[in-house]
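> Next one to model:
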Amino acid sequence: MIVVLERETDAVRAAGISAELASAGVATTPGTEAGGRAVLVSEREVSADQSTWIRGLPGVAEVTVTPGKYRLTSRVFRPTTTTVEVGAGVVIGGPGFVVAAGPCAVESAGQLDSVARAVADGGAAVLRGGAFKPRSSPYSFQGLEEHGLRLLEEQRDRTGLPVVTEVLEPAWIERVAKSADILQIGARNMQNYPLLREAGRSGLPVLLKRGLSATVEEWLLAAEYVLLEGNPNVILCERGIRSYEPSTRFTLDLSAIPVVKRVSHLPVIVDPSHSGGRADLVRPLALAAAAAGADGLLVDVHTDPTSARCDADQALTAPEFAELVEALERVLYAVDRPLTRPLWAPTAEAV
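You can find the predicted model right below:
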């Protein structure tokens, strides 16, 4: 159940309403609704009589009873699909299909410059790049960190593409927010609740990757942490889940796209690079995702994959990326959806 309070309801009255509900056996958690109004959210499913009583309490604007465990992510609470504006006129969750592309890890100024130009020319509307890299091994390349963030800022200025990059710790959010238009919460941090809350408080769009072994329910409940802070701009990213099958890095759960869209209003994009773990699988998985109703893609691209310091096997070359986008447009035409193109792409003169 979600109780939305009137805008005029102050903190004292909100606490009083919460206490009244608690005395009736309905414990609530305070939060903020997308429009800025205070909300009280309860895990309990109340009866029709209780719902009517709650609606009549002074200071209450509306009550929504949502089935199951979903509350702020539920399509019952918000029937229309959320659209997330990420900068430069790019909207995720609207009619257009959005491709974010770039290197898994920012390695140098020259590498990022060449890849940024390639993906902008090839049809990406968002530049992705990791300045911080959480790796399974502590001996693997961990990213350029602060220097990587500055390089992403430079490419945003040069190409005009909005930037998505991962943040690993709550303490880094304020700094990363200066360099990024979208904060990425990686699969390993999907249930890092302090990080989710702080990302929600930032107000920036949050791209939330599904955990390696997370159920759809766990994924959506993680998104609730961001929404509860009053940040409606959450983009879900299906990136494959761990299964018994060893022939691919992970198993891409395409069924999660329509499942999530049926129960939630949040947009869903797909990462075909990390799910398959091989460059030759990126194209078929990406096309299948578009056909299944995804709102976009997150694709690894590197102008020289053989020299990549992170996930080299799954990175597309610039020509391969351009071919993917060309094929993608044909699938999108079949499902009556346009590809969102960048408003401005780099030229030799501009860079």
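> Quick check, P342 in contact with G122.
No: P342 lies out of contact with G122 (CB atoms under 8 Å); the separation is 9.8 Å. Quick note: C-beta positions are derived from backbone N, CA and C, even for glycine.
> Contact partners for Q142?
By CB atoms under 8 Å, 6 or more residues apart in numbering, Q142 lies in contact with F132, K133, P134, R135.
> and the second one, what element?
With elements taken from DSSP states H and E, nothing contains K133; it lies in neither a helix nor a strand.
> could you pull out the strands for the stretch 101-250 of the chain?
126-128, 163-166, 182-185, 206-209, 234-238 (DSSP state E, counting those that start in this stretch).
> okay, G143: pLDDT?
For G143, the model assigns a pLDDT of 79.
> ditto for the one 3 residues further on
pLDDT for E146: 94.
> Next, the contact list for A315, please.
P103, C104, S273, A279, D300, V301, H302, P305, A308.
> Just the C-alpha atoms of stretch 63-77, please, in PDB.
C-alpha atoms of stretch 63-77 as PDB (Å, rounded to 0.1, in the frame of the first residue of the first chain):
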ATOM      1  CA  VAL A  63      -4.200   5.600  -1.300                       C
ATOM      2  CA  THR A  64      -3.000   3.000  -3.800                       C
ATOM      3  CA  VAL A  65      -3.200  -0.700  -2.900                       C
ATOM      4  CA  THR A  66      -0.700  -2.600  -5.000                       C
ATOM      5  CA  PRO A  67      -0.700  -6.400  -5.100                       C
ATOM      6  CA  GLY A  68       2.300  -8.500  -4.200                       C
ATOM      7  CA  LYS A  69       5.500  -6.900  -2.900                       C
ATOM      8  CA  TYR A  70       5.900  -4.100  -5.500                       C
ATOM      9  CA  ARG A  71       5.000  -0.600  -4.400                       C
ATOM     10  CA  LEU A  72       6.600   2.400  -6.100                       C
ATOM     11  CA  THR A  73       7.800   0.200  -9.000                       C
ATOM     12  CA  SER A  74       4.300  -1.100  -9.600                       C
ATOM     13  CA  ARG A  75       2.400  -0.400 -12.700                       C
ATOM     14  CA  VAL A  76      -0.700  -0.300 -10.500                       C
ATOM     15  CA  PHE A  77       0.700   2.800  -8.800                       C
END
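> Could you pull up the mean pLDDT of the host helix or strand of F321?
Under the criterion of DSSP H and E, F321 resides in helix 318-334. What helix 318-334 shows for mean pLDDT is 97.
> For that helix, buried residues please.
For helix 318-334, the neighbour count (16 or more other CB atoms under 10 Å) marks A318, E320, F321, A322, L324, V325, L328, E329, V331, L332 as buried.
> got a list of what the closest residue to Y225 other than its chain neighbours touches?
Spatial nearest neighbour of Y225, chain neighbours left out: L196 (3.8 Å); criterion: CB to CB, 6 or more residues apart in numbering. Applying CB under 8 Å, 6+ apart to L196 gives the contacts I185, V206, L208, A222, Y225, V226.
> Over to V234?
For V234, the contact set (CB under 8 Å, 6+ apart) comprises T73, T82, V84, P205, V206, L208, A223, V226, L227, L266.
> okay, now the closest residue to R78 other than its chain neighbours: neighbour count?
Of all residues not flanking R78 in the chain, H265 sits nearest, at 4.4 Å (CB to CB, 6+ apart). Per other CB atoms under 10 Å, the neighbour tally for H265 reads 21.
> Over to the one 10 residues further on?
Using other CB under 10 Å as the criterion, S275 is surrounded by 26 other residues.
> Could you tell me how far the residue nearest to it when sequence neighbours are not counted is located from V282?
Spatially, and ignoring its direct neighbours in sequence, S275 is nearest to G240 (2.9 Å; CB to CB, 6+ apart). Distance of G240 to V282, given as CB to CB, to the nearest Å: 12 Å.
> now E174: how far from A180?
11 Å.
> Quick one: residues contacting P232.
Under the criterion of CB under 8 Å, 6+ apart, the contact list for P232 reads A34, T82.
> From L266, how far off is it?
In terms of CB to CB, P232 sits 9 Å off from L266.
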